[in-house]
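Visitor: Return atomic coordinates for the entry below.
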Amino acid sequence: MIVGVTAILVTVGIFIGLAAGLIIAEKRLANYGTCTVLLNEGSVVFEQLGGITLLSTLYEHKIFIPSACGGKGSCGYCKVRVLSGGGPLLPTETPYLSRVEQRAGVRLACQVKVKENIELWIPEELLEVKEYHAKVASVQSLTHDIKEINLDLIEPTEIKHRPGQYVQVLASSPEGPVYRAYSISSPTYEKNKVQLIVRLVPGGIASTYLHNLKEGEEIMFTGPFGEFRLSEDPETDVVLVGGGAGMAPIANIIYSIYDRWPDRHVNFFFGVRSTHDIFYLEEFEKLAEKHKSFKVTYALSDPLKEDEKWDGDTGFIHLSLDRRLAPKHRQQAFLCGPPPMIEAVTEVLKEKKLHDDNIFYDKF
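Guide: Numbers count the residues shown, from 1 in each chain. Down below sits the predicted model:
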């Protein structure tokens, strides 16, 4: 019996010793020292203690690149070109990178660890992204699960953004602070405020945080981000298709357009389940009366019995688009909504002779 107990104790002691050795070895191996991070051929240079992700490193130095998933490697937004020092491409990155991107050295910043001197290139406009401090001016319920949140900027006091861009709101979570992306719904000419349209996602960290905000509370966000690029040619027609909280960038684009080009042709299609989910329709109908070149179509995909008086379109919104949109020589399309809607609408647009480079979309 004593021999057996002794053997067990010896075995346990060996395992404890091995575990302690591995921990010590890991700490020594992970001591990468101070690394130099060089951006865009030396336009920005700083030093960082090695061992953390490139995404965290950039954020620590107030360089904010897109990251909608909070650095978990599931959104594919935090792309940067690593020219040297990034280590080998990881299997967690390849699903989000095309072959062309891989050959060009594009990496996901949340998956790359800073272990040595590293040289990067990122789009110049991302170096202009700022961190904003804002106060909640008002919160309005638009539907049972969608709220309009109006923010007054505190510092900086102004924001400059393109139609359709988004910001990343900072929210707390059990795992620490996280950023989540929300499109700006206020038009570009409103420089001192930012409006968001937020759908409550069950269990969603940021949407729950935003839906619980009260007037007077303060929040932080970074931005602007986004690849939407509205043509400056007023002769180019604009097609807008959305659903739910996908209203945000579309409202931004509509009001920004008619502030600059009162006669520009815009076709707007918006899908909801029933009349209970309709919002902003009256405002857009008034805008259409003022600007005859603006056409508005709402469609109910799942009308209720009490919707029998609805005299608008029914069915999925891509069907309305197919029926009502005429092919034109110069058209741009901006889409925002759930992935199935985006895919169906994109197919219709291609049948209407729109090319990929004239179709912009956000999937929510």
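
Visitor: contacting residues around residue 72?
Guide: Applying CB atoms under 8 Å, 6 or more residues apart in numbering to residue 72 gives the contacts residue 110. (Each C-beta comes from the backbone N, C-alpha and C, glycine too.)

Visitor: Let's verify it: helix, strand, or coil?
Guide: coil (DSSP: H, G, I helix; E, B strand; the rest coil).

Visitor: In stretch 194-202, which residues are buried?
Guide: Using 16 or more other CB atoms under 10 Å as the test for burial, stretch 194-202 gives 194-200.

Visitor: Using JSON lines, please lay out the residues you listed together with distance to residue 277, pLDDT and secondary structure.
Guide: Output for those, formatted as JSON lines (distance: CB to CB, whole Å; pLDDT from 0 to 100; DSSP: H, G, I helix; E, B strand; the rest coil):
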{"residue": "194", "distance to residue 277": "24", "pLDDT": "98", "secondary structure": "strand"}
{"residue": "195", "distance to residue 277": "19", "pLDDT": "98", "secondary structure": "strand"}
{"residue": "196", "distance to residue 277": "18", "pLDDT": "98", "secondary structure": "strand"}
{"residue": "197", "distance to residue 277": "13", "pLDDT": "97", "secondary structure": "strand"}
{"residue": "198", "distance to residue 277": "15", "pLDDT": "97", "secondary structure": "strand"}
{"residue": "199", "distance to residue 277": "10", "pLDDT": "96", "secondary structure": "strand"}
{"residue": "200", "distance to residue 277": "13", "pLDDT": "96", "secondary structure": "coil"}
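
Visitor: Residue 96: which of these is nearest?
Guide: Nearest to residue 96 among these is residue 199, at 24.5 Å by CB to CB.

Visitor: Hmm, residue 210 and the closest one touching each other?
Guide: No. At 9.8 Å, residue 199 does not count as touching residue 210 under the criterion of CB atoms under 8 Å.

Visitor: Does anything pack onto the helix or strand hosting residue 255? Which helices or strands?
Guide: Per DSSP states H and E: residue 255 is located in helix 247-260. Judged by 3 or more CB pairs under 8 Å, 6 or more residues apart in numbering; DSSP states H and E, helix 247-260 is in contact with strand 178-183, strand 193-199, strand 237-243, strand 266-272, helix 281-290, strand 331-337.
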